[in-house]
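J.: have a look; sequence and predicted model below, questions after that.
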Amino acid sequence: MSDKWLLRQDPESPVIIAHALVEEPGRLAFVVLDDDDDWFVSDGAEFDEDMEVNRRLFGAMSLREAVELLPQLTALASVPTGVAADWDAGRATWLLSSVADSDDAVEDRAIREARVAAWPHPGSPVDEVQLSTGLTEIGTGKDAPSRAVRQVVREPDGSWLFVGFEVPEEQDFEVESLELEHAVRLYPEVTAVLQAAPGQVFDRAEPGAEWELVEG
């Protein structure tokens, strides 16, 4: 592993990790980056209401130790808080999703209200965005494709669609969803066109190019 620290969190910050992964890192299933920017790393097990069960399944180590054990974590450097990433070992790829609400409805509501109050752009940070599948995947191999948004679509009903350069023009494609804030933090270049009105489409010729209004 490179000596350069790639994650924004303090390397000595604590990580909750499944005990099973210490012996068998290949059992990695998913990670969650919570609203406090802390990591939870699992072999597929989730927290239980019984704390004895949790102590049996999970322990703690520093983030540095977790990265030494699971170097593919460094690929998640750009992932914002509130996002989960499932590990696809066969493709050496992370699959991103926005974290569902917890069992604490009061805390969830407080977090959501704080996010809405702090949101500086049109719409709501918890609005759902459809993205072409490649935009919700982070490859860790040397041949992993680059990820960038080619097209921003504001549908007539006001919903959003972000299309990546991995999608050939005029072809059908699969989509996944993320909350708007998570999508914008992953692809901050789209903030320039979040003022789009329903029915408008913005496009660009290549990553880094200026956005052009092509419809609406």
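T.: All right, it came through fine. Numbers count the residues shown, from 1 in each chain.
J.: wait, Ala29 sits on Glu46?
T.: No - using CB atoms under 8 Å as the test, Ala29 is too far from Glu46 to be in contact (9.9 Å). Glycine gets a C-beta too; all of them are placed from N, C-alpha and C.
J.: of these two, give the one with the bigger neighbour count.
T.: Neighbour tally, Ala29 and Glu46, criterion other CB atoms under 10 Å: the higher count belongs to Ala29, 16 against 12.
J.: can you show me the strands along this protein?
T.: Secondary structure of the chain by DSSP state E: the strands cover 14-18, 30-33, 39-42, 58-62, 83-88, 93-98, 128-132, 137-139, 149-154, 160-164, 175-179, 201-203, 212-215.
J.: would TSV of the ones you listed with mean neighbour count, mean pLDDT and distance to Ala117 be doable?
T.: Converted to TSV, these look like this (neighbours: other CB atoms under 10 Å; pLDDT from 0 to 100; distance: least, CB to CB, whole Å):
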stretch	mean neighbour count	mean pLDDT	distance to Ala117
strand 14-18	20	96	29
strand 30-33	19	96	21
strand 39-42	20	96	26
strand 58-62	15	96	32
strand 83-88	19	97	20
strand 93-98	19	96	19
strand 128-132	20	96	20
strand 137-139	20	95	29
strand 149-154	22	96	23
strand 160-164	21	96	21
strand 175-179	18	96	16
strand 201-203	20	97	27
strand 212-215	11	95	30
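J.: mind listing what's buried along the helix or strand of the chain with the lowest mean pLDDT?
T.: The helix or strand of the chain with the lowest confidence, counting by mean pLDDT, DSSP states H and E, is helix 105-118 at a mean of 86. By neighbour count on 16 or more other CB atoms under 10 Å, the buried set for helix 105-118 is 111, 115.
J.: residue furthest from the geometric center of this protein?
T.: Note on the chain: the largest C-alpha distance from the chain mean falls to Glu52, namely 30.4 Å (CA atoms, centre = their mean).
J.: TSV for the strands of the chain, including distance to Val190?
T.: Below are those laid out as TSV (distance: least, CB to CB, whole Å):
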stretch	distance to Val190
strand 14-18	30
strand 30-33	21
strand 39-42	26
strand 58-62	34
strand 83-88	16
strand 93-98	16
strand 128-132	9
strand 137-139	17
strand 149-154	6
strand 160-164	7
strand 175-179	12
strand 201-203	9
strand 212-215	14
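J.: so which of those comes closest to Glu189?
T.: strand 149-154 (6.5 Å; CB to CB).
J.: what's in contact with the closest one?
T.: Strand 149-154 is touched from outside by 135, 160-165, 167, 187, 189-190, 193, 196-204, 211, 216, with contacts defined as CB atoms under 8 Å, 6 or more residues apart in numbering.
J.: Ala196: what's its closest spatial neighbour, skipping adjacent residues?
T.: Residue nearest to Ala196 in three dimensions, not counting chain neighbours: Arg154, with 4.0 Å by CB to CB, 6 or more residues apart in numbering.
J.: quickly list what the one you found is bridged to.
T.: When assigned by DSSP bridges, Arg154 has beta-bridge partners Trp160.
J.: please report how far it lies from Lys142.
T.: Counting by CB to CB, to the nearest Å, the gap between Arg154 and Lys142 amounts to 36 Å.
J.: the domain parsing of this protein - what is it?
T.: 14-98, 119-208 (automatic domain parsing).
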